[in-house]
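Enquirer: Have a look; sequence and predicted model below, questions after that.
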Amino acid sequence: MLDRRTLLSGTAAIPFLAALDLPAAWAATPKGIVVMAKQIDDIVSFDPGEAYEFSDNEVDNNCYRKLVRPNGDTLAGDLAEKWEVSKDGLTFTFHLRPDAHFASGKAVTAEDAAFSFHRTVIMDKTPAFIISQFGFTKDNVEKLIRATDPHTLVFELPEVAATSFVLYCLSANVGCIVEKATAMANAKDGDYGNGWLKTHTAGAGAYQLVSWKASDHVILQANPHFGAPVHEKRVVIRHVGDPAEQLLLLKKGDVDIARDLQADQLKTIAANKDFHSVAAGQATSMYICMNQNVAELQKPEVHQAIKWAIDYQAIAKNITPGTWSVDQSFLPAGLPGALTKEPFRKDTAKAKKLLAAAGYPNGFKVTMDYISISPYAEVAQAIQQDLAEIGITVTLQPGTQKQVITKTRARTHQMAVLVWGSDYFDPNSNAQAFCANPDDSDNSKLKIIAWRNHFVNKTLTDQALAAAKELDAKKRIAIYHAMQEEFWKSAPMAFLLQKNAVATMRKGVSGIVIGPLPDYTRYAAITKA
Amino acid sequence: MKRVRTLAGALASVPITLFGLVLITFVIGRVVPIDPVVAIVGDHAPPEVIARVRAELGLDRPLPVQFLIYVKNLLHGDLGRSVMTSHRVTTDIAQYFPATIELATAAIILALLVGIPAGVLAASRQGSRLDHIVRVLSIGGQSVPVFVLGMIFLLIFYVKLGIAPGTGQQNVLYEGMVPHITGMHVIDAALTGQWDAFWDGLAHLALPALVLAYFSLGYITRMTRAYMIDALKGEYIITARAKGLSGARILWRHAFGNISVGLITVIALAYANLLSGAVLTETVFSWPGLGLYLTVSLLNADMNAVLGATLVVGLVYIGLNLIADLAYRLFDPRVR
C-alpha cells in the first residue's frame, strides 16, 4: 500500500527523476553558435519593403546589404564602390562592386538594386515613404531608378533633395538590396515575392535566415558567399521578454549575449569580470508632449515652466543609469546637426514664476498617458512629482504602447510620455515629425508628432521643409541648429532622455557592433572563445 | 432512444455557446482602445497607408457587417491571417497548440498520479496529520499564483541546484532539428529516434509541467478527498468492513470504484483548465504554446490571432465539458 513516506518521497523525487541521465548541454552554448537573448516579439516581416520594427530591421541588416552605410559621421560605400551626384543634386549614379554575391551564389547586379527600389515603391508598405518622399510613384519609379549596365545604377530624383538626406535614406532598412530572381521565383499574384520574403531572406549580407518562429526564435546561418570572414556560423536569437530572465540565462551560460538588460540588472553585474558590455547611443528619444487643444497647456510660459520643473539628471541617475541618458534636443546626440547642450535643469522657483506669469499661480490639473512598463512608468511618476512641486496635479493614465499611440494619434490625450525612434539616420526624420505641421486639420497628409499635439509653428514648418531640400551641407546643418533653438523656446514638448542600447556578453564573446539604429547593428564580427 | 435524445440535447447547446463566444470575443476585440491598423503598420506610417490597410482589412465597414463577414469566413474554416506571423491563424494554431497539449498532458498525468492517491489517503485518514499536510499542499497549489510558483521552481531547480534546464522547449542545439510530425517536441523526437533531443525535451518539459501539475493537484486532491469521504460513509463500506475485507481493497475497489465516475468530470475540467490556463506558465517558461501565442498577439493587438486562439480555447473547454457530460451519462447507471 502507498504509505505517507512513499508518497512524499515520490513526489519530491519527480523533478530529479526528470533530470536523470540528461546531457549537461544547458551548461554552455555549443561552439560555432552564438546564442542571443532578446525581445523579438515585435517582428512582423523580414521583407525590407515592409519590415519596420526594431528586431526585423536588425536581422535584415545582417542578411542584406545596402548601397551605402553610415561610417561614423559620414557615409561609406557598401554594395556601391563609389557614386557621383550631378551638380543640380538630382541624379545619383552608383557603381556597384563586382565581387558581391547573394546567399544563392549569384552576383549582385544593378538590376537587383533597381528591382528592390521598384518593388518597395510599388508595394507601398509602411516604410515605402522613406523612398517615395522624394517624389517616386508607382508610375515613375521604373523610369527614374534604372540599371544602365550590370554594375551601374542611376537614381534620378523627381525633385531636388539634400544629398545627405537621400543617401541616409538609402542606408535605412528599406535600402536593402533583394535578389530579383529569388523574389520573383516566389512571387504570387503580383506581390513581388512579398509573401515569401516575409519569412525568408534573399540578400547578400553575412547571414541568411533559416528559421523564424514568432515570439520564440530566429536562426541565422552564415552566407557562404559573403566574401568576408564570418566567425560564427550560426546565430540563434531567442525571444526572452523579461530582462531579469535574460540576465539569469546569461549567468547560467545558456546565452552568450543579453540585449535588453535594464539599469537594475546592469548594476548587479557591473563589477563581475565574467561579463562585459558594449553600448551605443540610439536615435531613440523619450519625451513629453502637451496637446495644444487643452487650454491650460497652450501658453509658451506653461511649456517653459514644465521644462524647468523636471529633474532630468535625477531621472537619468536614479531610474535609467546606463540605459538612457539626458538629451534635451529633438535630434538625439549622434544624428547629424544635433546640439548636445542641455538648456533646462530643475529650477522649481523659476518654473513657478513662469506658471504664475501664464495665469496659473495655483497650477492646474492635467492627465498624462504613459506606457506602463519600465522605465516609462518610473519616469512618469518622477515627472508627476516634479510637476506637483510647481502646483500642476498630474493624473497618470497607464496603457500599453499601442494604446497610448492610438490615443495620441486620435489627439485625445492631454499630456503623454512617449518614445520615438528615427526612421533613418538623417535629421529630417525627427525634424519633420516634431516640427512640421503645414495643415492641422483632420485631413492633413502629415500626421506625425507636431500634428498629433496641434503644434503649429510656421517658422519651424518652413525650416523643416527648406532643410530637406538644402544642397549646401553646412547651410543645412545651420538650419537644424536654429530649429533646435526655436524648438526649446516654443515647442509644447520636452525632450528628456536618449536611449543607450547595451549588449552584455559573457567573457570570451565579443565583436557585436551596436548601431545608432537597429538597421546598423552587425553580427558578422562576433567571435566566441 | 433516451440516450440519443440526451446526446442531441448536449450537442445542440454547443453552437449556441460557440456563437456567444465568437460574438463576445469579436466585440471585445473591436472595442479595445487600440487601433489594429496602427498595430499593423506602426506608429510612423503615413495616413494614406493607414487608410489603405484599414480598407483592405474591412475595418472601415460598420461593426455588424464586419461581424457577419468574420462569421462567414469562420464557417469556411478561415480565421484570417495573423499580422504578427504573416501566417493563416489556423496554420499558427496547428503550430503552437501541440506544445500546449504536450505541456498540459504531462501536467495532468503528474497531477493524477499524485493527486488521486493523496486525496484517497487523506479521506481514509480524515483529521490525521497526513490529511492536514495534504490539505495544506493542495490549498498551496490553488492559492499560489502559477507565475510565482514558476519563478520559484526556476530559482530552485535551475539557478540554485542546476539540475534542470532553463526556459524554452529545447536546447538551442536541437532547434530546427526535430521534424514537425505531431508538433509535440518530445513525441516527435521519440518518433524520429532522436534520443538526445528526446531527453533534452523531457528535461525542458519537467519544470513547467510540474508547476502546472501542482496547480491542478490541489483541485484533484480536494475533489477526490471529498468524494471519498462521502463514499466511505456508505453502508456498502460498512458491509465490506464487516466481511473482513482489507483496507486497501475497501478503499480502492469499493469506494474508489464508486467515485471514479464523478472524477471523470473533475479530470476533464482540470485538463480543460490546463489547456486554457497555461498562459502564465508558458510566458514564464518561454514555452512556445498557444498561451504564449495568445499573450503576444494580445499585446500586439493582432486581433485575428486573438480571436482564433480564444475560439480554440473555448472549443476545447466546451468539447471537454461535453465529453465529461456524456461520459458521466454513459457510465453512471443512475443517470442512464
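Expert: Great, that's in hand. Since we're looking at a predicted model, the values are computed, not measured.
Enquirer: Spell out the secondary structure type for the residue in the stretch 251-400 of chain A positioned nearest to chain B.
Expert: Using Cβ to the nearest Cβ, the point where the stretch 251-400 of chain A gets nearest to chain B is residue A:254, with a distance of 4.9 Å. (C-beta placed from N, C-alpha, C; glycine too.) Taking DSSP: H, G, I helix; E, B strand; the rest coil as the rule, one finds residue A:254 in the coil state.
Enquirer: State the number of residues packed around it.
Expert: By other Cβ atoms under 10 Å in any protein chain shown, 25 other residues sit near residue A:254.
Enquirer: Surely it and residue B:170 touch.
Expert: No. At 11.9 Å, residue A:254 does not count as touching residue B:170 under the criterion of Cβ atoms under 8 Å.
Enquirer: who touches residue A:131 in this structure?
Expert: By Cβ atoms under 8 Å, 6 or more residues apart in numbering or on different chains, the contact list for residue A:131 reads A:117, A:120-121, A:169, A:174-175.
Enquirer: Nearest to residue A:89 among those residues?
Expert: Distance to residue A:89 across the contacts of residue A:131 (Cβ to Cβ) is lowest for residue A:169, with 14.0 Å.
Enquirer: Quickly find the element holding the closest one.
Expert: For residue A:169, the host element (DSSP states H and E) is helix A:163-170.
Enquirer: Now that helix - C-alpha only, PDB.
Expert: Output for helix A:163-170, consisting of C-alpha atoms alone and laid out as PDB, is shown next (Å, rounded to 0.1, in the frame of the first residue of the first chain):
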ATOM      1  CA  THR A 163      22.200  64.800 -50.900                       C
ATOM      2  CA  SER A 164      23.000  63.500 -47.500                       C
ATOM      3  CA  PHE A 165      19.200  63.200 -46.800                       C
ATOM      4  CA  VAL A 166      18.900  60.900 -49.900                       C
ATOM      5  CA  LEU A 167      22.000  58.800 -49.000                       C
ATOM      6  CA  TYR A 168      21.000  58.300 -45.400                       C
ATOM      7  CA  CYS A 169      17.600  57.200 -46.600                       C
ATOM      8  CA  LEU A 170      19.300  54.600 -48.800                       C
END
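Enquirer: Run through who's touching it.
Expert: A:66-68, A:70, A:75, A:85, A:89, A:92, A:130-131, A:133-134, A:155, A:157, A:175, A:336, A:424-426, A:428, A:468, A:471, A:473, A:476.
Enquirer: State which helix of chain A is the longest.
Expert: helix A:473-490 (DSSP state H).
Enquirer: Next, the buried residues of that one.
Expert: Buried positions in helix A:473-490, judged by neighbour count with 16 or more other Cβ atoms under 10 Å in any protein chain shown: A:476-477, A:479-480, A:483-484, A:487-488.
Enquirer: check those against chain B, which are close?
Expert: Contacts with chain B within the buried residues of helix A:473-490, counted by Cβ under 8 Å from any Cβ of the partner chain: none were found.
Enquirer: In TSV, list these along with distance to residue B:289 and pLDDT.
Expert: What follows is the buried residues of helix A:473-490, written out as TSV (distance: Cβ to Cβ, whole Å; pLDDT from 0 to 100):
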residue	distance to residue B:289	pLDDT
A:476	53	96
A:477	53	96
A:479	54	97
A:480	49	97
A:483	50	97
A:484	49	98
A:487	48	97
A:488	50	97
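Enquirer: now the residues you listed in CSV, with distance to residue A:347?
Expert: Listed next are these as CSV, based on distance: Cβ to Cβ, whole Å:
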residue, distance to residue A:347
A:476, 34
A:477, 30
A:479, 30
A:480, 27
A:483, 24
A:484, 20
A:487, 19
A:488, 15
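Enquirer: can you map out the strands along the stretch 401-529 of chain A?
Expert: Counting by DSSP state E, counting those that start in this stretch, the stretch 401-529 of chain A forms strands over residues A:415-421, A:493-506, A:509-510, A:527-528, given from the N-terminal end onward.
Enquirer: Can you tell me the closest non-neighbouring residue to the residue of the stretch 251-400 of chain A closest to chain B?
Expert: For residue A:254, ignoring the flanking residues on the chain, the nearest one in space by Cβ to Cβ, 6 or more residues apart in numbering or on different chains is residue B:166 at 4.9 Å.
Enquirer: what kind of secondary structure is the residue of the stretch 151-300 of chain B found nearest chain A in?
Expert: Proximity of the stretch 151-300 of chain B to chain A (Cβ to the nearest Cβ) peaks at residue B:206, 3.4 Å away. Under the three-state scheme (three-state DSSP), the conformation of residue B:206 reads as helix.
Enquirer: again with residue B:210
Expert: Three-state assignment for residue B:210 (three-state DSSP): helix.
Enquirer: Distance check, it against residue B:216.
Expert: Using Cβ to Cβ, to the nearest Å, one obtains 11 Å as the distance from residue B:210 to residue B:216.
Enquirer: shared neighbours, those two?
Expert: Applying Cβ under 8 Å, 6+ apart, one finds that residue B:210 and residue B:216 are jointly contacted by residue B:107.
Enquirer: These two: which is more packed in?
Expert: Neighbours per residue, other Cβ under 10 Å: of residue B:210 and residue B:216, the larger number sits with residue B:216, 27 against 24.
Enquirer: so what's that one closest to, chain neighbours aside?
Expert: Of all residues not flanking residue B:216 in the chain, residue B:111 sits nearest, at 4.1 Å (Cβ to Cβ, 6+ apart).
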